[in-house]
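Peer 1: coords please:
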Amino acid sequence: RALAKKAKIDLSTIQGTGEFGRVTADDIKMATGEKKPERKKAAAGGAAPVELPDGFVAFTTMQRAVSNNMEKTLTTPIFRVSREIEMDAFNALYQSVKPKGVTVSALLAKAVALAIEKFPIINSSYENGGTNFKADINIAMAVAIDGGLITPTLKYANERNIMELGENWK
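Peer 2: Numbering: from 1, shown residues only. Next comes the predicted model:
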């Protein structure tokens with residue numbers, strides 16, 4: 001009671017953990033933040049409790065770079081379009097170039113580059129009252145790595161052949 005009075009805490013506002021629900025000194029200390037509540041132990045035979053991180057942890061250089069790049073995209077409008085397509089010719093092409101080390105990613109990059117070449121509005125952006133078309137067709141794809149995300153870019157993907165794109169993708 002003396003601790004509660006000193007801390008200016010009304011005992012009726014505290015859930016007691018003592019015998020018959022009595023408020024203990026530890027309950028008062030937890031209410032004031034002086035002590036953290038104890039975690040319940042795992043039942044016998046259960047998994048050991050996992051120690052979780054607590055508080056602020058600064059980003060690694062990689063995490064900071066990913067975060068900065070993601071923040072920059074928050075002001076970019078996003079448009080999503082989906083369409084079913086027949087992939088038989090693509091699959092046949094992939095089977096013929098796969099032994100030469102060309103990946104599906106390189107093939108997709110080439111397909112996207114050719115589509116952008118055909119529909120250049122895809123590779124444009126809005127600027128005060130007009131459309132800014134980009135002359136270069138550079139394709140970037142997100143790749144997960146340990147501790148982060150990178151986006152390698154295949155420059156001038158429309159002008160390069162699949163074998164060259166495949167080499168540059170590696």
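Peer 1: C-alpha only now, for contacts and for neighbours.
Peer 2: Will do.
Peer 1: residue 85: how many residues sit nearby?
Peer 2: Neighbours of residue 85 under the rule other CA atoms under 10 Å: 6.
Peer 1: check residue 144 too.
Peer 2: Using other CA under 10 Å, residue 144 has 10 neighbouring residues.
Peer 1: how close does the nearest residue to it once chain neighbours are set aside get to residue 143?
Peer 2: Distances taken as CA to CA, 6 or more residues apart in numbering put residue 150 closest to residue 144, at 6.5 Å, once the chain neighbours are dropped. Applying CA to CA, to the nearest Å, the value for residue 150 to residue 143 is 5 Å.
Peer 1: which one's more surrounded, those two?
Peer 2: The residue with more neighbours, out of residue 150 and residue 143, is residue 150; 14 against 10, by other CA under 10 Å.
Peer 1: just the pLDDT for the more buried one.
Peer 2: Looking at residue 150, its pLDDT is 86.
Peer 1: so who does it touch?
Peer 2: Applying CA atoms under 8 Å, 6 or more residues apart in numbering, we find residue 150 in contact with 66, 142-144.
Peer 1: same thing but at 10 Å, please
Peer 2: Residues near residue 150 by CA atoms under 10 Å, 6 or more residues apart in numbering: 62, 65-66, 140-144.
Peer 1: buried ones from those residues, can you make that a PyMOL selection?
Peer 2: Command for PyMOL that selects the buried part of the contacts of residue 150, burial taken from 16 or more other CA atoms under 10 Å:
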select buried, resi 66
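Peer 1: and the contacts of residue 150, which of them are in strands?
Peer 2: Among these, DSSP state E puts 140, 143-144 in strands.
Peer 1: out of these, who's nearest residue 3?
Peer 2: Proximity of the ones in strands among the contacts of residue 150 to residue 3 was ranked by CA to CA; the top entry is residue 144 with 53.3 Å.
Peer 1: if I read this right, that closest one contacts residue 63, doesn't it?
Peer 2: No. The pair residue 144 / residue 63 is not scored as a contact, 11.9 Å apart, by CA atoms under 10 Å.
Peer 1: show me the strands in the protein, by range?
Peer 2: Secondary structure of the chain (DSSP E): strands located at 124-127, 130-133, 139-140, 143-145, 148-150, 153-154.
Peer 1: quickly compare these and say which is most buried.
Peer 2: Highest mean neighbour count among those (mean count of other CA atoms under 10 Å): strand 153-154, with a mean of 18.
Peer 1: pull up the pairing partners for that strand, direction included.
Peer 2: If you go by DSSP bridges, strand 153-154 pairs up with strand 139-140 (antiparallel).
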